[in-house]
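S.K.: just a sequence and a predicted model for now, questions to come.
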There are 2 protein chains.
Amino acid sequence: MQFDDVIETRRSVHQYADDDIDDDVLRELLEQATFAPSSYNLQPWEFLVLRDEESKRRLREVAHGQEHVTDAAAVVVVLGNLDPSAHAERIARDKFEKGYLPDEDAVESQLETIERRAEGPREARRRWTRQSSTLAAMTLMHAAWNREIASCPMGGFDAEDLREAFDVSEEYEPVMLVTLGYPAEDAPDLERPRKLRRPVEEVVHFESFDPAVRPDAPPADD
Amino acid sequence: MQFDDVIETRRSVHQYADDDIDDDVLRELLEQATFAPSSYNLQPWEFLVLRDEESKRRLREVAHGQEHVTDAAAVVVVLGNLDPSAHAERIARDKFEKGYLPDEDAVESQLETIERRAEGPREARRRWTRQSSTLAAMTLMHAAWNREIASCPMGGFDAEDLREAFDVSEEYEPVMLVTLGYPAEDAPDLERPRKLRRPVEEVVHFESFDPAVRPDAPPADD
C-alpha cells in the first residue's frame, strides 16, 4: 500500500473476521516493528503473541473482559525490558564495527552511560522502556494495516494480573496490548466517520510554546 | 513511497543538507502524526517546532551541544499534556455523535474514568502522556521519510533546561526531540550498514513468555 493510505486510513478496529493470520505474514509485520528506532538502539521490546483460544481467554480476563481480545486472530502483548544494559554490549560493539562509534573509548563511554541508567530509579526505566517499545508498537500497527490487518492498541488491563497469568517477571514492563485481525465485513469502526483529531493549528506551535490552557478552549492562535 | 520502503529504509540521520522544509510539507507530516491512535483518543501531544537559528541554538544548549540540532532544518519538541481531562469533554462528545459511544451514560462513564486518572499520581500520568505522544512521534518520523525528510529521535536533553528555555510549564512533559531535514549528500548514517536489530526469533514469543534472561544471551529457542 502507499504510505499515505496506510497512515490516513488506519483506524482502531474492534470487530474482526474469523480468518487467521498467516504465520509468514505475522512474522513479516513483527519484523517491520523491529525496524523502529530506540534510545541508543537498545530495543527493549519483547512481543508475546497469543493466538490459542485458551491464551486469549486468559488475556481477556486480565483485560476487564473486553470482547475484541478473543475475537482478534492474535493479540500481541508488548513488553519492555526494564534493564537498559540487557543487550547493550553487543549493540555498542555493532555500532563500533559499522562506524557509528569511532573507537573503543566511545564504546566504553556509551556502555558506562547505559550502565548508570540501569542503576537508576525504576520509574525512569519504566518511562524509558515504554517509550522505546511504543515506537515499535506504532510501527507494528501500521505494518499490519499495510497488509489489511486491523489493530487496536489497548492500555486497559491489569498489569499484575497479566504478570501472573503469563509469568511475566518484574524485569519486564507490560506496555500495551495490540489486537490484530482481518476486519469483519462492514466493521462499524471502519464505516463510521473517523474520530475527531485535534487540528494541526491547535497542536503545533512555532518557535514559542503557547498551548490552549483552559480545558476545551478553542484553538490557540498560532 | 510504498509503505514497506518507508519502514525498511528509514534510518536515524544526523547529517543534514542546508535545504529548508517547505511550510506545506511540514504541515502535512505533522497532520499525519495526529492520525496516530491514543488512549481514549485523548491526543495529549503538542509539537513545538523550532526553525529559527536562535531557537535551534538555544535547544542545542539544552541538548548537551549535539550538533545535529542546529544542522537540522527543523526540530520538533514533542510535549505531552499531563492532564488527561484537558480535551476529554469534546472528544467523548464526538465519539457519541459518531456512534462510538452508545448513549449519554457511556459518555459520562468515560469522562469519570478519565477524571479519576487526571486525579491520579503524576508518575502514572507521565507514563500515559509519553506513551500516547510517542505513537504520534513515530508516525511523524515515518511521515517525514515518506517525503524524503530524514529524522533523528533524541532523548538526550535536560528537561529542566528545556522548560526554562522555552517556557514549558509543569503541565507538560517533554517527551523527545525529533530533528528533521533533508539528508546531506552521502550522509554516513544512510551509507553505513543498518545497525543491528535483535532478530524476530529473539524478541517474539508464542503463547508463553520465555525471554533470554542473561544479558547478551544467544536467542532463546522459540
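M.R.: Alright, I've got the coordinates.
S.K.: which residues in chain A form helices?
M.R.: Ranges of helices in chain A, per DSSP state H, are A:3-9, A:23-33, A:53-62, A:68-71, A:88-97, A:104-118, A:122-146, A:159-166, A:188-191, A:200-203.
S.K.: tell me which of those helices approaches B:Glu185 most closely.
M.R.: Among those, helix A:88-97 comes nearest to B:Glu185, with 22.9 Å by CB to CB. All C-beta spots, glycine's among them, are computed from the backbone N, C-alpha and C.
S.K.: that closest one and chain B in contact?
M.R.: Yes - Helix A:88-97 reaches chain B (CB under 8 Å from any CB of the partner chain) through A:88-91, A:94-95.
S.K.: same check on stretch A:48-65?
M.R.: Yes - part of stretch A:48-65 sits near chain B under the criterion CB under 8 Å from any CB, namely A:48-52, A:55.
S.K.: could you say which of the helices of chain A is packed most deeply?
M.R.: helix A:122-146 (a mean of 23; mean count of other CB atoms under 10 Å in any protein chain shown).
S.K.: near chain B, anything from the longest strand belonging to chain A?
M.R.: Taking DSSP state E as the criterion, chain A has its longest strand at strand A:172-181. Yes - judged by CB under 8 Å from any CB, strand A:172-181 comes into contact with chain B through A:172, A:175-176.
S.K.: and for stretch A:192-208?
M.R.: Yes - on the criterion CB under 8 Å from any CB, stretch A:192-208 is in touch with chain B at A:192-193, A:195-200, A:203-208.
S.K.: ok, of the residues of stretch A:48-65 next to chain B, which come out buried?
M.R.: Neighbour counting with 16 or more other CB atoms under 10 Å in any protein chain shown marks A:48-51, A:55 as buried within the residues of stretch A:48-65 next to chain B.
S.K.: closest to B:Val78 among the residues you listed?
M.R.: A:Leu48 (27.8 Å).
S.K.: that closest one and A:Asp167, how far apart?
M.R.: Distance, A:Leu48 to A:Asp167, using CB to CB, to the nearest Å: 10 Å.
S.K.: now do the shared contacts for the two.
M.R.: Shared contacts of A:Leu48 and A:Asp167 (CB atoms under 8 Å, 6 or more residues apart in numbering or on different chains): B:208-209.
S.K.: what mean pLDDT does stretch A:60-76 get?
M.R.: Average pLDDT, stretch A:60-76: 97.
S.K.: ok, the spatially most central residue of chain A to B:Gln131 distance?
M.R.: Nearest to the mean C-alpha position of chain A, by CA atoms, centre = their mean, lies A:Ala137 at 2.1 Å. Per CB to CB, A:Ala137 is found 9 Å from B:Gln131.
S.K.: what do those two both touch?
M.R.: A:175-176.
S.K.: which residues touch the residue nearest to A:Phe206 when sequence neighbours are not counted?
M.R.: Nearest residue to A:Phe206 in three dimensions, chain neighbours excluded: B:Val49, at 5.3 Å (CB to CB, 6 or more residues apart in numbering or on different chains). For B:Val49, the contacting residues are A:204-207, B:26, B:30, B:74-77, by CB under 8 Å, 6+ apart.
S.K.: now do A:Ser208
M.R.: A:Ser208 makes contacts with B:48, B:166-167, as judged by CB under 8 Å, 6+ apart.
S.K.: look up phi and psi at it.
M.R.: phi -140, psi 150 (degrees, to the nearest 10).
S.K.: confirm for me that A:Pro44 is in contact with A:Ser85.
M.R.: No - contact criterion CB atoms under 8 Å: A:Pro44 and A:Ser85 do not qualify, at 10.5 Å.
S.K.: between these two, which is the more surrounded one?
M.R.: Taking other CB atoms under 10 Å in any protein chain shown, A:Pro44 and A:Ser85 do not tie; A:Pro44 has more neighbours (27 against 17).
S.K.: so the more buried one versus A:Leu140, what's the distance?
M.R.: 15 Å.
S.K.: can stretch A:127-146 be said to contact chain B?
M.R.: Yes - using CB under 8 Å from any CB, we find that stretch A:127-146 touches chain B at A:127-128, A:130-131, A:134-135, A:137-139, A:141-143, A:146.
S.K.: where does chain A dip in pLDDT?
M.R.: Within chain A, the ranges that satisfy pLDDT under 70 run A:213-222.
S.K.: who wins for most neighbours among the residues of strand A:172-181 next to chain B?
M.R.: With neighbours set by other CB under 10 Å, the maximum within the residues of strand A:172-181 next to chain B is found at A:Val175, which has 27 neighbours.
S.K.: ok, that one to A:Leu190 distance?
M.R.: Distance check for A:Val175 against A:Leu190: by CB to CB, it reads 26 Å.
S.K.: A:Glu123 now?
M.R.: For A:Glu123, the distance to A:Leu190 equals 38 Å [CB to CB].
S.K.: tally of neighbours for A:Ala184?
M.R.: 18.
S.K.: for the residue nearest to it when sequence neighbours are not counted, give me its contacts.
M.R.: Excluding the flanking residues, the one nearest A:Ala184 by CB to CB, 6+ apart is A:Gln15, at 4.1 Å. Neighbouring residues of A:Gln15 by CB under 8 Å, 6+ apart: A:68, A:71, A:183-184, A:187-189.
S.K.: now for those: which two are most distant?
M.R.: For the contacts of A:Gln15, and using CB to CB, no pair is farther apart than A:Asp71 and A:Pro188, which are 13.1 Å apart.
S.K.: how far away is A:Gln32 from A:Ile149?
M.R.: A:Gln32 is 12 Å from A:Ile149, where distance means CB to CB.
S.K.: put together TSV for the contacts of B:Val49, with distance to A:Met154 on each row.
M.R.: Listed next are those as TSV, based on distance: CB to CB, whole Å:
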residue	distance to A:Met154
A:Val204	28
A:His205	30
A:Phe206	35
A:Glu207	37
B:Leu26	32
B:Leu30	26
B:Ala74	33
B:Val75	32
B:Val76	27
B:Val77	28
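S.K.: contact partners for A:Asn146?
M.R.: Contact analysis of A:Asn146 by CB under 8 Å, 6+ apart lists A:1, A:6, A:29, B:3-4.
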